[in-house]
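Asker: Provided below for reference: sequence and predicted model.
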Amino acid sequence: MMRKKRILRRVIFLSMMIIIMIVCTKKLHKADFSEHVEEDYQEVAENLVVEKEPKEINDWRLTLVNYENVLPENYEMELVNIDKIRKIDARVFDELHQMLEHMKQDGITNVWVQSAYRSVERQEDLFERKIKEYMEQGNTREQAEILALQAINKPGTSEHNLGLAVDFNYVKGDFDTTKGFAWLMEHAQEYGFVLRYGKEKEAITKVEYEPWHWRYVGKEHAVKMNELGMCLEEYVQYLRQQS
């Protein structure tokens, strides 16, 4: 009888131990599972990319005016004379003047500003003249407008309307064979200017290669644009994506 009681107590003891072990194992498994879930959630959260609206660039030097971006309404500038005829945004004058003077000091005396600021009204007149020129060659008005857009921007979509761009010499393609062009390619960024319409960027700018057309963007931006090999459209988009 006593032996049976001892056996029964052992059975009960072992049963209780087994139950305790099962309960503890479940708790440990649950805790381990929760820990893994938390780790996985954290990893997903860290890798989650939340798309944000590109921020606007609040810098007048980078104002983008092109076939998609019209001159901002109420855009204001103070104009100063480069010479008796041509004018430019007053904020650009000092850098432009220094650039031309230093070019002369380096022996390049045959580079001058042929065109700078241009009013929207003047741009409209030039655009209409170009359309008429193509229509006289036998093109329809629609065809003439398409052809004209390859050479001149619509009114309000030209950088000349901003007062931040200059055209040098006779506005001809062979300007890139001159010493002046070579000098500009090497030094213009030091004064905040960049070649605006590069040959390899025509698909982006929608403007044919213009070696004579240079745009002021500020020294730090000019250096960075050249470093990245970007035109203004690409650079503005690049900055918008930075947070």
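Answerer: Sure, I can see it. Being a predicted model, the structure only gives us computed values, none of them experimental.

Asker: Could you give the separation of the lengthiest strand in the chain from the chain centroid?
Answerer: Longest strand of the chain, by residue count under DSSP state E: strand 210-216. Distance, stretch centre to chain centre, for strand 210-216: 17 Å (C-alpha atoms, centre = their mean, to the nearest Å).

Asker: buried sites along stretch 90-100?
Answerer: Across stretch 90-100, burial judged by 16 or more other C-beta atoms under 10 Å covers Arg91, Val92, Phe93, Glu95, Leu96, Met99, Leu100. The C-beta positions use only the backbone N, C-alpha and C, and glycine is treated the same way.

Asker: Rank the helices and strands of the chain by mean pLDDT and give me the bottom one.
Answerer: helix 2-47 (a mean of 54; mean pLDDT, DSSP states H and E).

Asker: what residues go with each domain of this structure?
Answerer: The chain breaks down into these domains under automatic domain parsing: 1-50, 62-118+161-240, 119-157.

Asker: Minimum distance to Glu56: which of these has it?
Answerer: Distance to Glu56, taken as C-beta to C-beta, is lowest for domain 62-118+161-240 among these, at 7.3 Å.

Asker: How much space separates Leu232 from Thr140?
Answerer: Distance from Leu232 to Thr140, counting by C-beta to C-beta, to the nearest Å: 32 Å.

Asker: Between these two, which has more neighbouring residues?
Answerer: More crowded of Leu232 and Thr140, by other C-beta atoms under 10 Å: Leu232, with 23 against 10.

Asker: residue contacts, the more buried one?
Answerer: Leu62, Leu64, Val194, Arg196, Thr205, Arg215, Val217, Met225 (C-beta atoms under 8 Å, 6 or more residues apart in numbering).

Asker: my guess is the last one contacts Val194, does it?
Answerer: Yes - counting by C-beta atoms under 8 Å, Met225 sits close enough to Val194 to count as a contact (5.5 Å).

Asker: what sits in contact with each of those two?
Answerer: Val217, Leu232.

Asker: Count residues in the vicinity of Glu210, would you?
Answerer: Counted with other C-beta under 10 Å, Glu210 comes out at 22.

Asker: just so I have it, where are all the strands in the protein?
Answerer: Shown for the chain, the strands assigned by DSSP E span residues 79-81, 87-89, 113-115, 165-168, 193-197, 210-216.

Asker: average pLDDT across the last one?
Answerer: Going back to what we said before, that points to strand 210-216. Average pLDDT, strand 210-216: 98.

Asker: And the fourth one, by the same measure?
Answerer: What strand 165-168 shows for mean pLDDT is 98.

Asker: next one: the first one
Answerer: Mean pLDDT, strand 79-81: 98.

Asker: tell me what that strand is packed against?
Answerer: On a contact count with 3 or more C-beta pairs under 8 Å, 6 or more residues apart in numbering; DSSP states H and E, strand 79-81 meets strand 87-89, helix 90-105.

Asker: Make a markdown table out of the ones you listed and add distance to Gly173.
Answerer: A markdown table is the format used below for these (distance: least, C-beta to C-beta, whole Å):
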| stretch | distance to Gly173 |
| --- | --- |
| strand 87-89 | 24 |
| helix 90-105 | 20 |
